[in-house]
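Asks: Next come a sequence and a model predicted from it.
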Amino acid sequence: MTDGAKEEKLKRISESIRAFPDFPTKGILFRDICPILKDPKSLAAVIDLFEEYVRQNHQDVGMIVGLDARGFLFGPLLAQRLGIGFALVRKRGKLPGPTVSVAYDLEYGKAEAEIQEDAVAPGQKVVLIDDLLATGGTLNAACELMKKQQAHVLGCLVVVEMKDLNGADKLKPHTVFSLVQY
Ligand SMILES: O=P(O)(O)OC[C@H]1O[C@H](OP(=O)(O)OP(=O)(O)O)[C@H](O)[C@@H]1O
Ligand SMILES: Nc1ncnc2[nH]cnc12
C-alpha cells in the first residue's frame, strides 16, 4: 500500500469517530466507533490497515483473539482476510463449558474476562484485537488469559488509542498497533 493510500484510509477512519462527553459516567469522553460500521469504506480501511500490519509484522499468527464486545466487530473480518480463525474473550458468564477467567479494572468500572479452555492451543501464536485502548485493563486481562492458556501473544491491535491514559505501558512487553490516537 502506498503512503498516500494509507493516509487517505486513516483520514476516513478518524472522520468516522465521534466523541460524547460524560458517557457512560461524568468525566469520561467516550470515543464512539459506530460511524465506522455505517460506512463500508471506513470499515474496509480499518481491516486493510490491520491486515497489512499483521502480514508485515506477525507472519506466523495462528489465531485472532477479539475482546467483548467491540473487538468482535473487527476481529472476525480480519481473521477471514488472513485465512485464520477467531476466538472470543467474553465478559464473565457468557460462555458455556469449561472456562478460565481474570478480573480487571477499566476506565469506568470493573469486569471479569473469560475464555473457553479450548479456544486457543498451548503454544499457539495469537494477535489480540479491540476497538479501543484506554487504561489497558481489558487487553492486559486478555494477555493474562493467553498466558494461563500458554498461548503466545505476538501483539495487540486497536482502532483507537487514548494516549494520555498510558494503556500501552501496562501491556509491555507486548506491543500495541493503533490507527487513531488521542
Ligand atoms: O483499556 P480499558 O480501560 O480496559 O478500556 C477499553 C475497553 O473498554 C471498552 O469496553 P467495555 O468494557 O466498555 O465493553 P463493551 O465493548 O462491551 O462496550 C472498550 O471497548 C475496550 O474493550
Ligand atoms: N473513553 C472511552 N471511549 C470509548 N470506549 C472506552 N472504553 C474505555 N474508555 C473508553
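Replies: In hand now; what should we look at? Numbering: from 1, shown residues only. Ligands and ions are numbered 1, 2, ... in the order given.

Asks: Return the host helix or strand of residue 160 as CSV; C-alpha atoms alone will do.
Replies: Taking DSSP states H and E as the definition, residue 160 sits inside strand 152-161. What follows is strand 152-161, C-alpha atoms only, in CSV (Å, rounded to 0.1, in the frame of the first residue of the first chain):
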residue,chain,number,x,y,z
HIS,A,152,2.0,-16.7,22.8
VAL,A,153,0.8,-13.1,22.3
LEU,A,154,2.5,-11.6,19.2
GLY,A,155,0.9,-8.2,19.7
CYS,A,156,-2.3,-6.1,20.1
LEU,A,157,-4.4,-4.1,17.6
VAL,A,158,-6.8,-1.3,18.4
VAL,A,159,-8.6,1.2,16.2
VAL,A,160,-8.3,4.0,18.9
GLU,A,161,-5.6,4.6,21.5
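
Asks: Next, the buried residues of it.
Replies: 153, 154, 155, 156, 157, 158, 159, 160, 161 (16 or more other CB atoms under 10 Å). No exception for glycine: its C-beta is placed from N, CA and C like everyone else's.

Asks: tell me which of those residues is nearest to ligand 2?
Replies: Nearest to ligand 2 among these, counting by CB to the nearest ligand atom, is residue 160 at 7.3 Å.

Asks: Look up how far residue 42 lies from residue 61.
Replies: 24 Å (CB to CB, to the nearest Å).

Asks: cool, residue 24 as well?
Replies: 24 Å.

Asks: Show me which of the two is the more surrounded one.
Replies: A count of neighbours by other CB atoms under 10 Å puts residue 42 above the other of residue 24 and residue 42, at 20 against 10.

Asks: surely that one meets residue 16?
Replies: Yes: the pair residue 42 / residue 16 is scored as a contact, 4.3 Å apart, by CB atoms under 8 Å.

Asks: What are the boundaries of the helices in the protein?
Replies: Remark: helices assigned in the chain by DSSP state H are 3-14, 34-38, 40-57, 71-82, 137-148, 167-171.

Asks: between the ones you listed, which gets nearest to ligand 2?
Replies: helix 137-148 (7.7 Å).

Asks: So which elements touch the closest one?
Replies: Where contact means 3 or more CB pairs under 8 Å, 6 or more residues apart in numbering; DSSP states H and E, helix 137-148 is packed against strand 63-67, strand 85-91, strand 99-106, strand 109-116, strand 125-133, strand 152-161, helix 167-171.

Asks: near ligand 1, anything from the fifth one?
Replies: Same thing as strand 125-133. Yes: residues of strand 125-133 contacting ligand 1 under CB under 6 Å from any ligand atom: 130, 131, 132, 133.
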